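[1] pasting a predicted model and its sequence here:
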Amino acid sequence: MRDAADRWPLRAQVRLEIARSSARVRKAIPCGRATFFQESGGRRAVPCGKRRPDADLQNRRMTSSDNRIDARDWLLLSVLSVLWGGSFFFVGVAIRELPPLTVVLLRVALAAMVLLPVLWLYRIPLPKGIPGWRPFFAIALLNNVLPFSLIVTGQTYISSGLASILNATTPLFTVLVMAAPVMKSCRRVASPASSSG
């Protein structure tokens, strides 16, 4: 039996494969533990070292007219919304009895207790030394500690439903924040042109 390290090596291998059915060259793009094959504008993750039959590639290619959402997609979306929305509900219940930062600690500790056995199951080693942990500390601070602390503290003042709706507006605020420097540079470029004319 091959272990997980053989199927998903730690370094993605950059490979150039030529499809047998045509003379097209597929470009292999390494991305963490999988290799994405870019072909005809689409990307699909494939475990490194595995080869796909060309017939499989042709059968799985999604056409532009295939944009239906089937029952399985609706079921997965429903499960995702229950899990995502449920976290706001349970945080709202928990902050009635516990301080906000304790709720954040318990939420992250519970997630770690679930994910650590998954790492063990897939035989993924934990980083060694401070240099290996440094990126995880940065992500933990920016992606878990700050947002969870602010959201849970905010839920002491507003309802869980309103907190979940405000959290769902993150993509809209991301667009606004990303557009601000662009608009500033456009004004900077436009202002000398308008004053000289």
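    That came through, no problem.

[2] okay, buried residues for stretch 128-145 please.
    Val145 (16 or more other CB atoms under 10 Å). For the C-beta atoms, the positions are set from N, CA and C on the backbone; glycine is no exception.

[3] give me the residues contacting it.
    Here stretch 128-145 makes contact (CB atoms under 8 Å, 6 or more residues apart in numbering) with 104, 108, 127.

[4] let me see the domain layout of this protein.
    Domain ranges of the chain: 4-60, 85-171, per automatic domain parsing.

[5] check contacts around Val152.
    Per CB under 8 Å, 6+ apart, neighbours of Val152: 91, 95, 100-101, 103-104.

[6] biggest helix in the chain, by residue count?
    helix 170-196 (DSSP state H).

[7] flag every buried residue along that one.
    When burial is assessed from 16+ other CB under 10 Å, helix 170-196 yields no buried residues.

[8] lowest-scoring secondary structure element of the chain by mean pLDDT?
    strand 16-18 (a mean of 36; mean pLDDT, DSSP states H and E).

[9] about what we covered before: quick one: which of the contacts of stretch 128-145 is the most crowded by neighbours?
    Ranked by neighbour count (other CB atoms under 10 Å), the contacts of stretch 128-145 have Val104 at the top, with 23 neighbours.

[10] which residues does the strand or helix carrying it contact?
    According to DSSP states H and E, Val104 maps onto helix 100-121. Helix 100-121 is contacted from outside by 87, 91, 94-95, 98, 126, 144-145, 148-149, 152-153, 155-156, using CB under 8 Å, 6+ apart.

[11] repeat that for 10 Å
    For helix 100-121, contacts defined as CB atoms under 10 Å, 6 or more residues apart in numbering pick out 4, 87, 90-95, 97-99, 124-126, 140, 144-156.

[12] again, but for stretch 157-175
    Outside stretch 157-175, the residues touching it (CB under 10 Å, 6+ apart) are 81, 84-93, 95, 147, 151-152, 154-155, 176.

[13] in ChimeraX, select just the buried ones from those.
    Here is the ChimeraX command that selects the buried residues among the contacts of stretch 157-175 (16+ other CB under 10 Å):
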select :87,88,91,92,95,151,152,155
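
[14] tell me which of the contacts of stretch 157-175 fall in helices.
    Short answer: the contacts of stretch 157-175 in helices (DSSP H) are 81, 84-93, 147, 151-152, 154, 176.

[15] what's the most distant pair in the residues you listed?
    Val93 and Leu176 (32.2 Å; CB to CB).

[16] pLDDT weak spots in this protein?
    1-66, 189-197 (pLDDT under 70).

[17] from Phe137, how far out is Trp84?
    25 Å (CB to CB, to the nearest Å).

[18] just Phe89 next, same as before
    30 Å.

[19] what of Leu76?
    32 Å.

[20] distance check, Leu101 against Leu146.
    Distance of Leu101 to Leu146, computed by CB to CB: 12 Å.

[21] wait, Leu119
    24 Å.

[22] repeat for Gly154
    For Gly154, the distance to Leu146 - CB to CB - is 12 Å.
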